[in-house]
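1. Could you work out the structure for the sequence below:
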Amino acid sequence: MLLLHIIIAIASIGLLTGRIFSQDSKLQIAANISAIATLATGAGLLFGQSTSLSHACVSGTVYLAAAAVLSRAAALRQA
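-> Modelled structure (predicted):
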């Protein structure tokens, strides 16, 4: 499950980055779905395995910060 979570998170950051340079609605939907999938698999890891809560929170915060910055950049570019 951890490997799946890492793959989804990396793909999500890639899709969110691609969203900056494209106004394709399918790409925007895929980026949003991948962000939700990353959060869902992270929650699954948190509740399904005995991982350190602080490690999960730090990693999740870094991911969310990156996603927020990339999404804001895309919104500014489109405006």
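
2. which residue is nearest the middle of the chain?
-> Ala35 (3.6 Å; Cα atoms, centre = their mean).

3. thinking it is in contact with Ala68, fair?
-> No: in this structure, Ala35 is not within contact of Ala68 by Cβ atoms under 8 Å, at 9.8 Å. C-beta here means a position set from N, CA and C on the backbone, and glycine is covered the same way.

4. related to what we said a few turns ago, how far away is the residue nearest to the centre of the chain from Ala43?
-> Noted for Ala35: a distance of 13 Å to Ala43, by Cβ to Cβ, to the nearest Å.

5. likewise Leu27?
-> 25 Å.

6. Between those two, which has more neighbouring residues?
-> Shown here are Leu27 and Ala43; by other Cβ atoms under 10 Å, Leu27 has more neighbours (16 against 13).

7. check contacts around that one.
-> Listed by Cβ atoms under 8 Å, 6 or more residues apart in numbering, the contact partners of Leu27 are Leu15, Gly18, Arg19.

8. What residues of the lengthiest helix in the chain count as buried?
-> If you go by DSSP state H, the chain has its longest helix at helix 53-78. Buried residues in helix 53-78, counted by 16 or more other Cβ atoms under 10 Å: Ser59, Gly60, Tyr63, Ala67, Leu70, Ser71, Ala74.

9. Could you report the pLDDT at the first one?
-> Yep, that's Ser59 we're talking about. The model reports Ser59 with a pLDDT of 79.

10. Please apply the same query to the third one.
-> As predicted, Tyr63 sits at a pLDDT of 82.

11. What's the separation between it and His5?
-> 10 Å.

12. joint contacts of these two?
-> Between them, Tyr63 and His5 share these contacting residues under Cβ under 8 Å, 6+ apart: Thr38, Gly42.

13. Arg19 reaches Ala67, doesn't it?
-> No: look at Arg19 against Ala67 with Cβ under 8 Å: they stay out of range, at 10.1 Å.
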